[in-house]
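K.L.:
model the following, please.
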Amino acid sequence: MGSTAREPEPRGERRFHQLSSLQLESVRRRTFASWPSASVDPDALARDGFFYMGEKDHVRCVFCGCHIGAWTPNDHVRTDHARYSPECSFVAGSLTGNIPRTPRTHDDDAGRLYAFLDDYHDSRLAHGRPRTRGRYQSDAVPLPSAEQPALSEFARKDTRRRTFSGWPKGAGAGADPLAEAGFIYTGVGDWVQCFQCSGGIHTWRHGDDPWADHAHFYPYCPFVREHLEQRGGESGVGEDLAPSPPPASSVPSRPEELSPEETELLLHHPIAQRLLSKGFDHRLVKEALKQKVETSGLMCSSLNEALEIIFDYEDSINESLSEKST
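P.N.:
Coordinates of the predicted model:
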């Protein structure tokens, strides 16, 4: 296969709240912490839309789903990407929600926008909460054990276990322990989410304890709390699963509401530029995209999604005006 082992990299932030965060190059890059091949640069792979699947040297494109592996030293990432998936929107240069990593000293408007979106996502992830069925579930505030599960259809271990049919063979944690600890498999890489709190974890390494990581990243998940209470009465239970505060973060906290300057910056995104070129009102585009970013922490993934958001936002304004006039 033409590859040799690499030294493992720091995993960084392993939490996720939604799969769409793979739109960010920085998030894709974190999935390569256990990348085993020296044949191709993981920076180049993440830059070209790929994330690591957690098995051998297999990667997948976020934008087209193209799956490539068995890399050799003579391979070129973009050339192979275009060969195997010539219709990929990212390869073709079409509009996508990709957020490239940019130098923090970037002085053009697009560079400042991408740096802001990257920082905004990191802050939301470090200090925010997964959204579950239209409401917030906090990983920083105790919740009652009777809280409705985010994914109640997976409350039983056997239903969770069935989601792992395609679990990567080389993943660092086993399907049974993950299902036992409340996780379901998302079908993407080695990304799993808790049925109760919706909190997600990825980039597992051999030796990781799913219960310990679940308790570490989402210590107030009711499912984790119930497990800890049950284990507390058993002999031989150590402190490895004791509830602890969410992991300390070097990412500064910031308001979720965008400032006027940040909102104006959204108009420099290529999707926003296309909407403006089609004649959409400047303020309508700006406010609709502001609402999208504040709600999800991310920009639109495509022009079609942006159009839906614009029309929905416009409809909500018209409905509000109609209610006030009656």
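K.L.:
so what's Cys61 closest to, chain neighbours aside?
P.N.:
Spatial nearest neighbour of Cys61, chain neighbours left out: Gly49 (4.6 Å); criterion: C-beta to C-beta, 6 or more residues apart in numbering. Quick note: C-beta positions are derived from backbone N, CA and C, even for glycine.
K.L.:
what's the burial count for that neighbour?
P.N.:
27 (other C-beta atoms under 10 Å).
K.L.:
now the one 10 residues further on
P.N.:
By the criterion of other C-beta under 10 Å, Val59 has 29 neighbours.
K.L.:
ditto for the one 4 residues further on
P.N.:
The tally of other residues near Phe63 (other C-beta under 10 Å) stands at 24.
K.L.:
what strand or helix carries it?
P.N.:
Under the criterion DSSP states H and E, no helix or strand holds Phe63.
K.L.:
need the contact list for the closest residue to it other than its chain neighbours.
P.N.:
Take Phe63 and drop its neighbours on the chain: the residue closest to it by C-beta to C-beta, 6+ apart is Phe90, 4.1 Å away. By C-beta atoms under 8 Å, 6 or more residues apart in numbering, the contact set of Phe90 is 48-49, 61-64, 96, 98.
K.L.:
could you export the residues you listed as JSON lines, including pLDDT and distance to His17?
P.N.:
Formatted as JSON lines, those follow (pLDDT from 0 to 100; distance: C-beta to C-beta, whole Å):
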{"residue": "Asp48", "pLDDT": "97", "distance to His17": "25"}
{"residue": "Gly49", "pLDDT": "97", "distance to His17": "21"}
{"residue": "Cys61", "pLDDT": "97", "distance to His17": "22"}
{"residue": "Val62", "pLDDT": "97", "distance to His17": "16"}
{"residue": "Phe63", "pLDDT": "96", "distance to His17": "20"}
{"residue": "Cys64", "pLDDT": "95", "distance to His17": "24"}
{"residue": "Thr96", "pLDDT": "93", "distance to His17": "20"}
{"residue": "Asn98", "pLDDT": "95", "distance to His17": "19"}
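K.L.:
and the helix ranked longest in the chain, what other elements does it pack with?
P.N.:
Ranked by number of residues, the top helix in the chain under DSSP state H is helix 303-325. Other elements packing on helix 303-325 under the criterion 3 or more C-beta pairs under 8 Å, 6 or more residues apart in numbering; DSSP states H and E are helix 270-277, helix 282-296.
K.L.:
out of those, which gets nearest to Val77?
P.N.:
helix 270-277 (21.8 Å; C-beta to C-beta).
K.L.:
mind listing residues that contact that closest one?
P.N.:
If you take C-beta under 8 Å, 6+ apart as the criterion, helix 270-277 is touched by 95, 97, 110, 266-267, 282, 285-286, 289, 299-300, 302-303, 306-307, 310.
K.L.:
buried only: go through those residues for me.
P.N.:
Burial of the contacts of helix 270-277 was assessed by neighbour count (16 or more other C-beta atoms under 10 Å); the buried members are 95, 97, 266-267, 285-286, 289, 299-300, 303, 306-307, 310.
K.L.:
in CSV: these, plus pLDDT and distance to Thr163.
P.N.:
Shown next, in CSV, are those (pLDDT from 0 to 100; distance: C-beta to C-beta, whole Å):
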residue, pLDDT, distance to Thr163
Leu95, 92, 32
Gly97, 91, 26
Leu266, 96, 36
Leu267, 95, 40
Val285, 95, 38
Lys286, 96, 40
Leu289, 96, 34
Met299, 91, 29
Cys300, 91, 28
Leu303, 93, 32
Ala306, 94, 31
Leu307, 94, 33
Ile310, 93, 35
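K.L.:
which one of the residues you listed is nearest to Glu180?
P.N.:
Ranked by distance to Glu180 (C-beta to C-beta), these are led by Gly97 at 34.7 Å.
K.L.:
so is that closest one in a helix, a strand, or just coil?
P.N.:
coil (DSSP: H, G, I helix; E, B strand; the rest coil).
K.L.:
who are the neighbours in contact with it?
P.N.:
Going by C-beta under 8 Å, 6+ apart, Gly97 touches 20, 23, 271, 298-302, 305.
K.L.:
low pLDDT regions in the stretch 151-300 of the chain?
P.N.:
Along the stretch 151-300 of the chain, segments meeting pLDDT under 70 span 233-249.
K.L.:
if we can go back for a sec, out of the helices and strands packed on helix 303-325, which gets nearest to Pro210?
P.N.:
When the helices and strands packed on helix 303-325 are compared by C-beta to C-beta, helix 282-296 sits nearest Pro210, at 26.8 Å.
K.L.:
picking up where we left off before, state the distance from the residue nearest to Phe63 to Cys64.
P.N.:
Distance of Phe90 to Cys64, given as C-beta to C-beta, to the nearest Å: 7 Å.
K.L.:
where do the contact lists of these two overlap?
P.N.:
With C-beta under 8 Å, 6+ apart, Phe90 and Cys64 have common neighbours Gly49.
K.L.:
returning to what we had before: in this structure the residue nearest to Cys61 contacts Asn98, no?
P.N.:
Yes: the criterion here is C-beta atoms under 8 Å, and Gly49 meets it with Asn98 at 6.7 Å.
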